[in-house]
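# have a look; sequence and predicted model below, questions after that.
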Amino acid sequence: MRELRFTLIADGSSDATLMRIIQWSMDDLYPNCINTGVFADFRSLQKPPKNLKDKIRDAYHYYPFDILFVHRDAESTDTKQILDFRVVEVMKQLSDEEKEKTVCVVPVKMMEAWLLFNTEAIKKAAGNRNYNKNINLPSINKIEKEKQPKELLHNLLKEVSGLKGRNLQKFNVNQAVHLVAEYIEDFSPLRNLEAFNRFEEDLKITISNFLEKR
């Protein structure tokens with residue numbers, strides 16, 4: 001069986017953290033489908049692409065794929081309206097052939113919201129597994145209403161780290177965010193979220209198209 005190759009094009013380099021979530025979903029939904037994924041990092045190119053069409057062109061060359069994931073933050077808590085808007089925004093830039101290969105990843109409000117449900121992962125990522133105070137996370141069904149998920153996650157990681165002064169200033173919070181995703185073994189709680197369900201439904205359709213053609 002030929003290996004399925006997938007590539008993620010994201011808003012920024014820190015959003016490479018989504019690779020962990022995408023990989024989990026691929027493996028959970030299609031455990032018998034061998035796959036490998038890469039994050040399209042164009043920063044080292046002499047002329048990094050600026051728009052989506054150019055990014056897809058370069059991804060074909062440098063990060064060849066069978067399925068393409070395109071990330072956009074919703075940047076709003078108006079779930080349905082912004083999901084539709086962001087997906088249309090991406091799809092109208094694609095050819096018909098590219099549309100069949102593309103899955104939009106649109107967290108509400110932004111990527112960090114999809115990490116705000118696992119206290120143990122936050123403790124490990126902060127380097128303080130023995131932290132015994134309450135970690136005040138929003139309930140899973142309210143995550144998409146959180147107005148500043150990135151700020152909330154960053155502040156929680158700093159607090160849980162227990163670091164002070166210069167040590168806190170040296171704390172790499174962006175790396176810690178990535179580690180939160182790495183330490184989460186089960187992302188199924190995200191299936192309570194409309195945005196994540198939309199992502200997985202689109203993924204199923206795209207995978208089905210791929211399997212039918214090979």
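In hand now; what should we look at? It should be emphasised that the depicted structure is a prediction, and the values quoted were computed from it without experimental measurement.
# use CA for all of it now, contacts and neighbours both
Noted.
# elements contacting the helix or strand bottoming out on mean pLDDT in the chain?
Averaged element by element with mean pLDDT, DSSP states H and E, the chain has its least confident helix or strand at helix 79-91 (a mean of 83). For helix 79-91, the helices and strands in contact under the criterion 3 or more Cα pairs under 8 Å, 6 or more residues apart in numbering; DSSP states H and E are helix 194-213.
# as a check, name the ranges of all strands in this structure.
Assigned by DSSP state E, the chain shows strands spanning 4-9, 35-39, 67-71, 102-105.
# contacting residues around the third one?
Which is strand 67-71. 4-11, 90, 101-106, 206-207, 210 (Cα atoms under 8 Å, 6 or more residues apart in numbering).
# still on that earlier bit, in the least confident helix or strand of the chain, what counts as buried?
79, 82, 83, 86, 87, 90, 91 (16 or more other Cα atoms under 10 Å).
# give me the local confidence score for the residue lying farthest from the centre of the chain.
Note on the chain: the largest separation between a C-alpha and the mean C-alpha position, by Cα atoms, centre = their mean, falls on residue 165 (31.5 Å). pLDDT recorded at residue 165 is 96.
# how much space between residue 112 and residue 191?
Distance of residue 112 to residue 191, computed by Cα to Cα, to the nearest Å: 16 Å.
# out of the two, which sits in the busier spot?
A count of neighbours by other Cα atoms under 10 Å puts residue 112 above the other of residue 112 and residue 191, at 25 against 15.
# what's the spacing between stretch 25-41 and its chain's center?
13 Å (Cα atoms, centre = their mean, to the nearest Å).
# residues contacting it, please?
1-10, 13, 16, 19, 23, 59, 63, 187, 200.
# how big is the angle separating the least confident helix or strand of the chain from strand 67-71?
When axes from the mean of the first three to the mean of the last three Cα atoms, to 10 degrees is applied, the directions of helix 79-91 and strand 67-71 differ by 120 degrees.
# which residues touch helix 79-91?
70, 72, 74, 76, 99, 104, 106, 108, 144, 194, 195.
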